[in-house]
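Engineer: the following block contains a protein sequence and its predicted model.
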Amino acid sequence: MSKTSAVAPYTAPDYYQLDDLFTEDHKMVRQTVRDWVDRRVMPHIEDWAQNNHCPTELIPEIGELGIFGPALPTEYGCAGLDQIAYGVIMQEVERADSGLRSMVSVQGSLVMYPIYKYGSEEQRRKYLPKLASGEMMGCFGLTEPDFGSNPGGMITNIKDAGDHYILNGAKTWISNAPFAHIAVVWAKDESGRIRGMILERGMEGFSTPSIHNKWSLRASATGELVFDNVKVPKENILPNISGLKGPLGCLDSARYGIAWGAIGAAMACYDTALRYAKERIQFDRPIGAFQLQQKKLAEMITEITKAQLLTYRLGQLKNEGRATSAQVSMAKRNNVDMALHIAREARQMLGGMGITGEYPIMRHLMNLETVITYEGTHDIHLLITGMDVTGLNAFK
Ligand code: TGC
Ligand code: FAD
């Protein structure tokens, strides 16, 4: 059996007729990305993940599709789409693989967004069109070896040296780092204030070693950023932001994309399990005829539907500029947990076949263990909701 025939053709679940709410543009964008994913990603993704290969060869095509930073303005070479279209794109890409979605969403939400939002006009014009086309790729350096959930404690720092700064420190767990041309990096200045800056590959003292041996996100490249007395020209500082709210503001955009993306992974697992349950015969009946398997499927479609409605509404609020960070946290936390739970249940429904690369479920399951950790862990997002409703800070 070929690796794709086991999962094709894909039928996207839409139990509450959410399609009625999408515009023709949303549906067109979704179909375009879905077709591309079916054609260019699905036939190879299991092999890429098994072989720990990040498909950077797809970057020019992704740029042509217009899905790097698709919600940024057309004057910078971007597609100028709304937030729901952005979400739908993330859903379709993550239906294939969370690692591929990482490559795309880091570029859009964590590299292009801060340059657009906090950068000078010169920085926007220099970097955004090349990032939109994929001619240039970027990464985002916030996490440090000793400061993950608590990025405000970072020790990476810059010292003023006249016409430039000297940067020292290290970042870890950085998606896209091994191949990125530029890095948006967050470091403390001499007054302890967090500043953002753009580093370019080739700057003396700047290196990007790869992280190996991941059991998760194997089709994504992850690395470190090491800064050893790197000279950072002052024009590379993002002028329009300082403080932790700079990087956290970018995370809002990326977490929103993950909320949609996780639905894509969940839909892929559900669709696979439903198909399998109707075809797999045990005790002379399809396993889908047994109540225990129906319970799993009924709960999966219920949770997917709830997540779709939550996320669509969040998209409307984002389009109106009214979504709060806490609302984004709730959606990221709920949807990733939902997807991980569905992946686990779906894997069991496939019995032994569920652990193989013939089906996408085990890969999604392993990927989602990263997704529930990065961009703020499951626990951190719960504490954000807890603080929002009580007004009391339980972090520290
Ligand atoms: P706190 O004192 O609460 O806040 C400091 C300042 O930031 C503001 N703020 C936000 N601004 C914008 N968006 C948000 N979501 C914000 N949350 C807070 C806040 O108003 C304050 O502003 P100001 O003006 O008063 O200075 O900060 P804290 O140190 O207590 O930390 C709060 C906490 C724990 C919620 C925060 O640190 C956090 O979210 N931690 C999780 C870290 C995290 O998510 N890291 C992600 C790294 S990047 C990544 O994982 C990429 S994976 C990419 C991929 O491959 O897809
Ligand atoms: P810790 O912060 O050490 O947390 C360990 C555990 O303690 C967690 O369960 C956490 O919930 C819990 N915990 C921490 N604080 C509290 C508290 N106050 N109360 C209760 N429980 C708490 N970062 C980037 O900057 N850029 C990237 O591109 C990027 N890509 C990534 C790609 C991958 C594959 C992975 C795995 C991570 C990536 N990250 C990236 C880092 C990611 O954001 C961090 O791993 C995440 O924020 C958690 O930090 P940590 O791993 O240090 O865990």
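Structural biologist: Good, I have the coordinates. Ligands and ions are numbered 1, 2, ... in the order given.

Engineer: what mean pLDDT does stretch 261-270 have?
Structural biologist: Average pLDDT, stretch 261-270: 98.

Engineer: scratch that, stretch 15-35
Structural biologist: Stretch 15-35 comes out with an average pLDDT of 98.

Engineer: can you list contacts of that stretch?
Structural biologist: With contact meaning Cβ atoms under 8 Å, 6 or more residues apart in numbering, stretch 15-35 is reached by 10, 12, 65, 67, 70, 81, 84-85, 88-89, 91-93, 95, 301, 304-305, 308-309, 312. For glycine as for every other residue, the C-beta is placed from the backbone atoms N, C-alpha and C.

Engineer: give the buried residues for that stretch.
Structural biologist: 22, 26, 29, 30, 33, 34 (16 or more other Cβ atoms under 10 Å).

Engineer: quick one: residue 104 and residue 61 touch, right?
Structural biologist: No - contact criterion Cβ atoms under 8 Å: residue 104 and residue 61 do not qualify, at 11.5 Å.

Engineer: which elements pack onto the host helix or strand of residue 64?
Structural biologist: Assigned by DSSP states H and E, residue 64 belongs to helix 59-65. In this structure, helix 59-65 makes packing contacts with helix 24-36, helix 121-133, judged by 3 or more Cβ pairs under 8 Å, 6 or more residues apart in numbering; DSSP states H and E.

Engineer: is ligand 2 contacted by the helix or strand just after the first one?
Structural biologist: The C-terminal neighbour of helix 24-36 among helices and strands, as given by DSSP H and E, is helix 45-50. No - between helix 45-50 and ligand 2, judged by Cβ under 6 Å from any ligand atom, nothing touches; the nearest distance is 13.0 Å.

Engineer: other SSEs contacting helix 45-50?
Structural biologist: Other helices and strands packing on helix 45-50, by 3+ Cβ pairs under 8 Å, 6+ apart, are helix 361-371.

Engineer: show me what counts as buried in the next helix or strand after the helix it packs on.
Structural biologist: On the C-terminal side of helix 361-371, the closest following helix or strand by DSSP H and E is helix 378-390. Across helix 378-390, burial judged by 16+ other Cβ under 10 Å covers 380, 381, 382, 383, 384.

Engineer: return only those of those found close to ligand 2.
Structural biologist: Among those, the residues lying close to ligand 2 (Cβ under 6 Å from any ligand atom) are 380, 383.

Engineer: end-to-end on stretch 49-64?
Structural biologist: 24 Å (Cα to Cα, to the nearest Å).

Engineer: cool, stretch 209-216 as well?
Structural biologist: Terminal-residue distance, stretch 209-216 (Cα to Cα): 18 Å.

Engineer: which parts of the stretch 51-200 of the chain sit against ligand 1?
Structural biologist: Along the stretch 51-200 of the chain, the residues adjacent to ligand 1 under the rule Cβ under 6 Å from any ligand atom are 102, 105, 106, 140, 142, 143, 149, 151, 152, 175.

Engineer: how about the spatially most central residue of the chain, secondary structure?
Structural biologist: Residue closest to the mean C-alpha point of the chain, counted by Cα atoms, centre = their mean, is residue 102 at 3.9 Å. Secondary structure for residue 102, judged by DSSP: H, G, I helix; E, B strand; the rest coil, is helix.

Engineer: residues near the closest residue to residue 108 other than its chain neighbours, how many?
Structural biologist: The shortest distance from residue 108 to any non-neighbouring residue, by Cβ to Cβ, 6 or more residues apart in numbering, is to residue 69 (4.0 Å). Using other Cβ atoms under 10 Å, residue 69 is surrounded by 28 other residues.
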